[in-house]
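1. Fold the following for me, if possible:
(chains A, B and C)
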Amino acid sequence: MRYWLMKSEPDEASIDDLAKAPQRTLPWTGVRNYQARNFMRDIMKIGDGVLFYHSSCPEPGIAGIAEVSSTPYPDPTQFDPKSDYYDAKSTQETPRWTLVDVVFKKKIQLIPLAELRAHPELADMRVLAKGNRLSITPVTEAEWAFITKQLAKQTA
DNA sequence: GCCAACGTTGGC
DNA sequence: GCCAACGTTGGC
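-> Next up, the predicted model:
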């Protein structure tokens, strides 16, 4: 059982979108970075914990808790010429991009990026590392426990 | 809009 | 295999 932080632009898929989705589940489409893909393809397991992070928005930060809910399978958007995520070099026989489904667990009061940075317990979080751009990063058990038990507040 | 940092591409 | 050029990410 592992833990992850997964970035999503709320304009595309917010924690509310996840909560409203059928079965409260969304496929994590659009990852086009090999390291992030490899996490989904090779390491993630059903039941892994996910910190749902809002990025590239007015209030970046952790917006909710989710969970990995499928085994890996090909990202369908890579085959769709109309999609922003279309990849002409990928084929059905040897798909390049793999994803997992993620299921909603709960929405929390947003934990802003600045607050994450303010806690010494989280100083080593991968997502906070200088220059980090990776959209999926591993979270340690200690970081997960601190965030979910100390920082996460239920929304009203 | 700016810009630092990073990942990818492609010529050699 | 190297590395410059380019495109993207993402906070501010």
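2. Tell me who's in contact with residue A:44.
-> Counting by C-beta atoms under 8 Å, 6 or more residues apart in numbering, residue A:44 touches A:2, A:4, A:68, A:72, A:100. Quick note: C-beta positions are derived from backbone N, CA and C, even for glycine.
3. Any chance of the backbone angles for it?
-> phi -60, psi 140 (degrees, to the nearest 10).
4. Pull up the gap between it and DNA strand B, please.
-> According to C-beta to the nearest atom of the strand, to the nearest Å, residue A:44 stands 18 Å off from DNA strand B.
5. Got the confidence number for that residue?
-> Looking at residue A:44, its pLDDT reads 97.
6. Next: the one 4 residues further on.
-> Looking at residue A:48, its pLDDT stands at 98.
7. how close does it get to residue A:122?
-> Distance, residue A:48 to residue A:122, by C-beta to C-beta, to the nearest Å: 19 Å.
8. now do residue A:8
-> To residue A:122, residue A:8 is 20 Å away according to C-beta to C-beta.
9. Name the residue in those two with the higher neighbour count.
-> Each of residue A:8 and residue A:122 has its neighbours counted (other C-beta atoms under 10 Å); residue A:8 has more, 24 against 20.
10. is stretch A:26-39 anywhere near DNA strand B?
-> Yes. Against DNA strand B, stretch A:26-39 shows contacts by C-beta under 7 Å from any atom of the strand at A:33-35.
11. That stretch: which residues count as buried?
-> For stretch A:26-39, burial by neighbour count (16 or more other C-beta atoms under 10 Å) applies to A:26-31, A:36-37, A:39.
12. Stretch A:40-49 now?
-> Using 16+ other C-beta under 10 Å as the test for burial, stretch A:40-49 gives A:40-41, A:44, A:48-49.
13. Going along the chain, name the strands of chain A.
-> Using DSSP state E, the strands of chain A run over A:3-8, A:25-27, A:49-54, A:61-68, A:73-74, A:98-99, A:101-112, A:136-139.
14. Serialize the ones you listed to TSV and add fields for distance to DNA strand C.
-> TSV is the format used below for the strands of chain A (distance: least, C-beta to the nearest atom of the strand, whole Å):
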stretch	distance to DNA strand C
strand A:3-8	5
strand A:25-27	17
strand A:49-54	7
strand A:61-68	8
strand A:73-74	19
strand A:98-99	15
strand A:101-112	8
strand A:136-139	9
